[in-house]
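# Below is the structure, and that's it, no one-letter string:
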């Protein structure tokens, strides 16, 4: 899917300038480069992150990387996988620590495709993106920095942004024009500062953290698990890593300490000594320290993500928080994904410019929820079990009860938070994209009662059998991240829905439909090998029958418009333990009638937009026209229906 | 696992000379290079296979590639995956072809980890091996050929083989000394000819085949499936490939034809025209032909695989057959694997030289079975449905019955053959490695009645949870192909087997045990990160408890000898649909007592050697000593027990 062919007025004109090549900048750049945009991407570091930094890829982010075809490159580095978290606390009596519980890091109630966190050094993750960018002829310009910018739509409605760039040693300068500027520079964002956008602190508490990556020798049995350890000597968090490494997070200071000093620091030796005390009776020795850093963390959120919808911020420039829930990189990825497809939808001519106004509220609400969660989680984490450090064998009983209460709240918070930390808890509130009873698309066929999908939440995972080659596939992964909306036509029983499918195709083909209105101008010349976008760059269609694969004959059971997506026709004939009695498990999981079917519109980023019944007649496409009409550039539907 | 440090008398002395860098030579070379052997590997082609040739990786071979860590490199090429085979035949009345059935290519009764065939161009597969070889400092010397060799153990007991090598253009020559010579040169093996080893033809029928790889445009609905198509105009086989390609196999002549000419050929255009006739009423057009070849195939088997157990043959040099069951490359892989670990066991000092005498019978019997199968399958494939080409609407009924009988036998053969073609049907008969009632290891604890594992057959697949990191893993994949025997200690319930495990460890530690007798000389200096071979290069031990993961405490539940394999301790706590009521699914699948456990010895190549009860006292290790004593170099067990 590519935007109108390159028509920039000069070599100095770009679609977008991206500042910062951390996770947020790289995700944005990678998406837009694949979709054909001209990008100026700079970073003030000479090399990708050499060591340390973020390292946790949450289950939902792994789905996304898989959807981009980048998962196997990540997995080739043999990252550690965290399936469970262990809690260690002082024993009810005596010294040391004992395991008081373990919990799945992505419990089965979440129904994740990859129910684990993937731990890998940020630099390796960055290089996976950089390699993909290079395939799309986009290189990061390093070490360069931004010196200033202006944005003036009146002066230049097409390229309103002017950006001054400079080599970090001052030896070279460039001024470029762009349609957009993106600040993915991290917590100390120059662009945010220039825009005079403030940071609001949800909670005034600040912390100083020490983080150490290294290779250890220990008899601590859970060194390959994620652990939160409270002891009489302090608290520590253990995160396994690739190559036999382990990361330790240790809190060095908190603004709740009576003598808090945000500049307080600790040497690596001091952190090692603290870890030794905390892990008693287990021993720990370092064979090698890979990386050690001390940094203060305040929980802050940017007041705005943009002022004019031309200059945007994302990632750590918008939200900072403690590292413990492993949210930074994952939130950054989703910030960028959210913005990328919206810029594309606008620039490729499908969506009104006002679509960009949904970026800030969608992502800022997620960040607010993240901070609220992080705050609660961090406080609990840094709390020592009350009086635990004064435990004596004599007073074991009373202390044990307090302990136990503290543990319970900690674990309870953790459990409640699993959905959030896995990434599956992220959801977007009602707006033009996410249908609600207030959405302009109102019709009896919209949002059938049985549906279990929620607009603004992720599409659910399901295994199905692809008809053309009998491959068992992951339905939610079948459409790559191609910037297109995903129409999942759950087609129920072929004998029941034959007429409804014909009517669907007929109405999609009508000139005023959302589908035909955005047809590819080159549709007649498209190769028969094109699987995803044969008719339109803005839509990919999958059809899923509630039937066994051998019963389905694509040319017989589907009208030509839908049959054209022959590689996207599936049999819902795989058994699923979550719906063991369903005849058609995918239909059942989505809450769609196994006989009559239904249509799910999924946004390009994987979130459900709207669910519509699959009915004979025009009502189904009428409803979809109203849905897309809420944000697309053209008036849709029958002339009579247009206002 | 490496052999004694390099102690070759000169740069011209090698452990092995391997001739031919097709699948058999590369597999052998890759294994031996990883295990530290010095290899002279030549091939008379200047480059790896550019196009065409074998392309089907069977499920069992994919297990093997995964076990070698090469699967993801194969999968990165996005091969086609064949899950089902479709059968097409003339309709009961009228012209053309109709689908008469489909069948899983690896049905669920086989319990395969990867129940599909992977289709990828042989050259890409070769390059995956070559890249691995280069990591181990082994390069294929091209284009070089073998000009002669001698093998004389009396003249040089250590390096009995002398090999003359020459650049194919005659510009350079080399003479090298080696312990072994391997001929993996394909059907026209120079080495086999020099040894005057004959080829026996199981069946005198020969065929001429045409094979064409290309990109097509067609409305034939099963073009992405494996299909066997019989029509009134001839027969064809369709195999999907990577990159939208499809392979067509078409039989051009058979020695059963009245006018058979083994030199008969056909042009690409003729094959295309034939395909068009056969596929009617569907259309097919070629966008591109990637490769086209015509070749005569006789089903032959080499009389011997070796004469002196120094010069060996494998792969197509030993067995040729029709291409349709996709067996060539897979059989080649397993030939090489069988030989590789045996050479290693002998050269590293673990096994008696006579172990090498098991190579020929084990692999030749498999080849005999393959030929018998191929013969039956090829005949059926090349048979046109009786009278089908004379079908008329008027005589539909009678013809249909004959048709139907032909189809049924074809499909029946196919079904029976699934186990064989998937690779899971390969098994080795009783010998020193594969226990039987005739094996020297006789004891009441050997082969408990309940066991479902069969010596000489593959270990079964099972999911378990690794204790140290709670990762869900594939038990059969947990020990890499490291040349070591695999001891799977199914440890039942910890409370029941505590004493038996202590006794096991105590008896393994005794000086005369198979385990201690082959301890690493450097055991004291081994890194604590070593997961697989902390004590011995010849054994890796896994312990699987019939308990939930959080209930297992490695340091408490295992004696130190077994606890040292902390990364190989598992909880048998994953539900398996095949044994839905089992408390411990892996135990149940193997037929091992969920309370009392049992020990499975798996050969380095993945086949079961022996199953022994896990009992208190010395009987368990005594039985294992007798088992290994049948082929290892040392006398094992208590002095009193030694003969």
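Looks like it came in fine. Please read all numbers here as calculations on a predicted model, not as lab measurements.
# Name the SS class of the residue of the stretch 101-250 of chain A found nearest chain B, please.
Chain B sits closest to residue A:224 of the stretch 101-250 of chain A, with a gap of 3.8 Å, by Cβ to the nearest Cβ. Backbone N, C-alpha and C define where each C-beta goes, glycine included. On the three-state scheme (DSSP: H, G, I helix; E, B strand; the rest coil), residue A:224 is labelled coil.
# Could you check the pLDDT of the residue lying closest to it once chain neighbours are set aside?
Nearest non-adjacent residue to residue A:224, counting by Cβ to Cβ, 6 or more residues apart in numbering or on different chains: residue B:469, 3.8 Å away. Residue B:469 carries a pLDDT value of 96.
# Where does the prediction get shaky in chain A?
A:1-6, A:54, A:323-326, A:377-416, A:638-643 (pLDDT under 70).
# center of it, which residue is that?
Residue closest to the average C-alpha location in chain A (Cα atoms, centre = their mean): residue A:334, at 3.5 Å.
# I'd guessed the residue of the stretch 101-250 of chain A closest to chain B sits against residue A:82; true?
No - with contact defined as Cβ atoms under 8 Å, residue A:224 does not reach residue A:82; the gap is 9.0 Å.
# I'd say the residue nearest to the centre of chain A and residue A:425 touch.
No - counting by Cβ under 8 Å, residue A:334 does not reach residue A:425; the two are 11.7 Å apart.
# count of neighbours near residue A:555?
By the measure other Cβ atoms under 10 Å in any protein chain shown, the count of residues near residue A:555 is 11.
# quick one: residue A:376 and residue A:573, what's the gap?
From residue A:376 across to residue A:573, the span is 44 Å (Cβ to Cβ, to the nearest Å).
# The residue nearest to residue A:224 is in contact with residue A:80, isn't it?
Yes - using Cβ under 8 Å as the test, residue B:469 is close enough to residue A:80 to be in contact (7.2 Å).
# Residues in contact with both of these two, list them for me.
Taking Cβ atoms under 8 Å, 6 or more residues apart in numbering or on different chains as the contact rule, residue B:469 and residue A:80 both touch A:224, A:240.
# Neighbour count: those two, which is higher?
residue A:80 (25 against 21).
# The more buried one pairs with what?
residue A:119 (DSSP bridges).
# do residue A:151 as well
With DSSP bridges as the rule, residue A:151 is bridged to residue A:161.
# Next, count neighbours for it.
Neighbour count for residue A:151, taken as other Cβ under 10 Å: 20.
# Please name the residues that touch it.
A:160, A:161, A:162, A:181, A:308, A:310, A:311.
# One more pass at 10 Å, please.
Residues in contact with residue A:151 (Cβ atoms under 10 Å, 6 or more residues apart in numbering or on different chains) are A:160-163, A:178, A:180-181, A:195, A:306-311.
# can you give me the strands in the stretch 501-643 of chain A?
Secondary structure of the stretch 501-643 of chain A by DSSP state E, counting those that start in this stretch: the strands cover A:539-545, A:569-571, A:598-602, A:608-613.
# What is the burial count for the closest residue in space to residue A:623 that isn't next to it in sequence?
Closest residue to residue A:623 in three dimensions, ignoring its sequence neighbours and counting by Cβ to Cβ, 6+ apart: residue A:443, at 4.2 Å. Residues lying near residue A:443 (other Cβ under 10 Å) number 16.
# Residue A:617 is in contact with residue A:443, correct?
No - contact criterion Cβ atoms under 10 Å: residue A:443 and residue A:617 do not qualify, at 11.6 Å.
# which residues sit in contact with the residue nearest to residue A:504 when sequence neighbours are not counted?
Spatial nearest neighbour of residue A:504, chain neighbours left out: residue A:620 (5.9 Å); criterion: Cβ to Cβ, 6+ apart. Counting by Cβ under 10 Å, 6+ apart, residue A:620 touches A:443, A:445-446, A:489, A:500, A:503-504, A:507-508, A:598-599, A:612-614.
# All set, thanks.
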